[in-house]
Every structure is written in structure tokens, then in C-alpha cells.
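In: Output the structure for:
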Amino acid sequence: MSSSFFALFDDIAVLAKAAAASIDDIAAGAAKASAKAAGVVIDDAAVTPQYVRGINPKRELPVIWRIARGSLVNKAIIITAIMLLSVWAPWVFPWMLLIGGTYLAFEGTEKVWHWIETARGREREHTVEEVIQRPAIDEKQIVGSAVRTDLVLSAEIMLISLANIDADGWLMRLMILIAVGLSMTGAVYGAVALLVKMDDAGLWLMRRRGPRGLRGFGLGLVRAMPAVFRIVSVVGVVAMLWVGGHLLIANLHEVGWHLPHDLVHGATHAVHATGFAAWLIDSALSAVFGLAWGAVVVAAVSAGRRVRRRLSRA
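Out: Sure thing, here's the model as predicted:
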């Protein structure tokens, strides 16, 4: 009886060691896969804050939470889909990424057009009163737009991560993708939450009774944040165009149209660029291609909207 009891403890110890080893393998695999997708994660973190600009400050964190929750749902759907497709239809991945690249190029180009129209005086930014009184339906539209953009970026993160997982077992690959999805979502939306609340932190420091230098630092934060958000907004739009253009070029090459890919690589080799310089040229040309592709899509969508309006009036 006692021998059976101790044998049970031995079995539990073996299972615990196996579980610990599996957790270590998952953590190591997730770290490696995440490193390969780091560029897209940075883009995701840069893109997201622009969606919470212009909303009531009291609603910033709830809106970010709703976007983060939508991002987790996106990743759950994406992981399920790509694990199944990787077995039965891996050929569909380039076409999925082409659709995602087109959407990012369209979103980025629309933002550029909005800036142009604002500079020409045809559109204007929201006033403080409009921001405070913004209805819940606007928040729903903001969350929806952010979650749709996140869907594309999350798909690329997951596909890059899947391509860089060394594990052979289907279950191990699944667990690593889940770990990547959770860690990336926490990192991106935690950083976004900190960024959008920095001005509130500055106000809190200014109002505290403490060292004068601390209050001065708080004042500096408050004054700096509008410029920081303008920079983040520009970085976010460039990121959408760059990532969208890169997805389009790479996956057009995969499905048989090699011209954009050959032109980009030809330009890089023509100037004998290597390392960071090669990456910079590739990224700039990808952004230009994304803007050009997006302009065509924006023009087509605008024409479709005009036709629909005319038909509705008829």
C-alpha cells in the first residue's frame, strides 16, 4: 500500500517536471517568435493611439480596454484559422495577407487625404466641447475601426510567429501562438494606455505638494504630449502604409506578380545598400507603394459612394 502511495508521488513529480519543461519550451518559442514579429508590434503600438485622439479623456481607458478585448478576440479567431489552414490550405495565406495589406494601405491613404483636406480648410479638427459631448455611437465607430486595423496587424504577427516556430508538434505550436498573442496584446495596449494617460500623470504631478522640480517635470509632460501625439499619429500612418505596402509587395510576389518586388530589390542593390540602409530603402519604397495602391482603392471607394448616393436620390 505504502509503495503504491509513493509511486503515485513519483508519477506526479515526473508529470510536474514534464509540465515545467513544456512551459519553458513554450516561453522560449514565444520569445523567439515574438522577436521576429517585433517590427509589426511596434507598428501596432504606433497606430493604435491615433484612434483614441479626440475622445473624452475620461473615456480613453475604457475605449482602449474595448479595443484590447477586440484584439484578443481577433487573435483567437486568427490562431484558430491559421492552425487549421496550415494543415489543409496553406496556399490561402498570401491571398489573406493581400487583403490585409490593401486594407492597411486604404486606411493610411485615407488619413493622408484627411490631413490634406484639413490643411486646405475643407475639414477641421474637433473642438474641446465636441470631444466632451461625443456620443457613444462615435466611440463604437472608433473601436470598430481600431479593431479592424488590429485584425490585419494581428494576422501578420501570428503568421510571422508561426513561420518562426521550430516545434514540430501541432499542440506545441498552438500553445506558443497563444502565448505570443497574449503577451503581444498586453505589451501593445499596456503601452498605449500609458501613452494616452501621460498628460493626466503630468497634471497629477503639477498639483502635488512636492519638490518644485517634480512639478516642473509634470508641466513639461503636459506641454509635450500634444507634440508627442502628433508624432505618434504620423508614425502610425506611415506604419500603416509601410506594413500595408510590404504585405502587398511580398505577397504579390508569392502569387506570381513579381514586378513590385523586383523593383524594390533592384533599387536596394543598385545603391549597394546593406543593413539599416537596405531596410530604410525597402521600407520607404514599401510605404510609397502602399500609398499608391491605397490611392487607387480610396478613389474606387469614393466613386462607389458617389454612385450609391446618386442612386439613392433617384
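In: Now for the protein, the helix or strand with the poorest mean pLDDT.
Out: In the chain, no helix or strand scores lower on mean pLDDT, DSSP states H and E than helix 128-132, which sits at a mean of 43.
In: Could you name the helices and strands sitting against the following helix or strand past it?
Out: Counting by DSSP states H and E, the next helix or strand C-terminal to helix 128-132 is helix 136-163. Using 3 or more Cβ pairs under 8 Å, 6 or more residues apart in numbering; DSSP states H and E, the elements in contact with helix 136-163 are helix 2-36, helix 38-47, helix 49-52, helix 60-88, helix 93-119, helix 170-196, helix 212-255. Placement of C-beta: from N, CA and C, glycine included.
In: As JSON lines, those helices with mean neighbour count, distance to Ile281 and mean pLDDT would be great.
Out: Formatted as JSON lines, those follow (neighbours: other Cβ atoms under 10 Å; distance: least, Cβ to Cβ, whole Å; pLDDT from 0 to 100):
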{"stretch": "helix 2-36", "mean neighbour count": "12", "distance to Ile281": "21", "mean pLDDT": "48"}
{"stretch": "helix 38-47", "mean neighbour count": "22", "distance to Ile281": "15", "mean pLDDT": "59"}
{"stretch": "helix 49-52", "mean neighbour count": "22", "distance to Ile281": "26", "mean pLDDT": "68"}
{"stretch": "helix 60-88", "mean neighbour count": "17", "distance to Ile281": "31", "mean pLDDT": "90"}
{"stretch": "helix 93-119", "mean neighbour count": "19", "distance to Ile281": "19", "mean pLDDT": "87"}
{"stretch": "helix 170-196", "mean neighbour count": "19", "distance to Ile281": "27", "mean pLDDT": "85"}
{"stretch": "helix 212-255", "mean neighbour count": "19", "distance to Ile281": "12", "mean pLDDT": "84"}
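In: could these go into JSON lines alongside distance to Ala270?
Out: Shown next, in JSON lines, are those (distance: least, Cβ to Cβ, whole Å):
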{"stretch": "helix 2-36", "distance to Ala270": "28"}
{"stretch": "helix 38-47", "distance to Ala270": "24"}
{"stretch": "helix 49-52", "distance to Ala270": "35"}
{"stretch": "helix 60-88", "distance to Ala270": "36"}
{"stretch": "helix 93-119", "distance to Ala270": "25"}
{"stretch": "helix 170-196", "distance to Ala270": "36"}
{"stretch": "helix 212-255", "distance to Ala270": "17"}
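In: what's the neighbour count on Asp166?
Out: Asp166 has 12 neighbouring residues, counting by other Cβ atoms under 10 Å.
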